[in-house]
Structures are given as C-alpha cells and as structure tokens.
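> kindly generate the corresponding structure for this input.
(one chain, ligands or ions: 1)
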Amino acid sequence: MTHYDNSFAGHFGKLLAAREAELRAALDTGNKKELADDQHGNGEVRDFKDLAERELHLDMAALEAAHIANELSQVLAARRRLKDGSFGQCVECGKPMDLLRLEAMPAAAFCVPCQAAGEQTTAAHPPSARI
Ligand SMILES: [Zn+2]
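Model (predicted):
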C-alpha cells in the first residue's frame, strides 16, 4: 500500500482547487435555478398536489444544496490541511492515508478504519430518528 507524502502536495492541491471550483459553480447554479422556479411558480399553484410536488422539489433542491455545501466545507478543510502540512494524515488517528483513497476522495479526512468507526457510531444514532 502506498501512502501519501508531501511530494504529492502539488497534485492534490490542483485536485482540491478544481473540486472547489466545481462545487461553487454547482451551488451557484442551484441558487439561480431556485430563483427562476420561484418566479415561474408564483400564483400558479392549482391544487394541493401541485403544492406538495413543489414543496418536494424545493426540499430536494435544499437537500442537494446542503450536500454540496457540506462537501465544499470538507474540500476547504483539506486545502487548509495541505497548507499547514497535515494533509494526508488521518484527522482522527494521525496515521498516513492510503494514496489511492486520497486519489478517489482528495477531501477525505479519515483513514478507512476511522471512517468506518465513525459511520458505525452515526448509524447507531441516526439523525433522522426524530421523524
Ligand atoms: Zn485514522
């Protein structure tokens, strides 16, 4: 298994910068689309089914925007780690990360065992339990 070292910093800096630009563009497009939908849908709600569908659509858009914003914050955190020299180490246990994992997910903050442990904890206490 090959692990990250600082000779890859330039490569991952480029990947993260490109991903950040993509995510910012996606957020921008989403915001514009929502505005356009609002103007179009103004006063055109005919019945409850239309209203429900419209709300569902807005929920989905909000969910997607939240997802993108979440990934963007991970990318920004990864770029900070790249700057301060801690990039490529697991935020949880401090071990060097697998290079292939970083190649697939440059913004990944945890090594595979730590990520798995974190997901198990989350699954035991799902945030959606209140529904
Ligand atoms: Zn770890």
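> next secondary structure after the helix or strand hosting Arg19?
Using DSSP states H and E, Arg19 sits in helix 9-41. Next along the chain after helix 9-41, taking DSSP H and E as the criterion, comes helix 48-84.
> how near is His67 to Pro96?
29 Å (Cβ to Cβ, to the nearest Å). Glycine gets a C-beta too; all of them are placed from N, C-alpha and C.
> residues from this structure in reach of the ion?
Proximity of the chain to the ion is confined to 90, 92-93, 111, 114 under the rule Cβ under 5 Å from the ion.
> narrow those residues to just the buried residues.
90, 111, 114 (16 or more other Cβ atoms under 10 Å).
> any weak-confidence spans in the protein?
The chain contains residues with pLDDT under 70 at 1, 33-46, 122-131.
> got the buried residues for stretch 10-18?
Quick answer for stretch 10-18 (16+ other Cβ under 10 Å): 12-13, 15-16.
> my bad, stretch 70-82
71-72, 74-75, 78-79, 81-82.
> Lys95 and Cys111 touch, don't they?
Yes - under the criterion of Cβ atoms under 8 Å, Lys95 makes contact with Cys111 at 5.7 Å.
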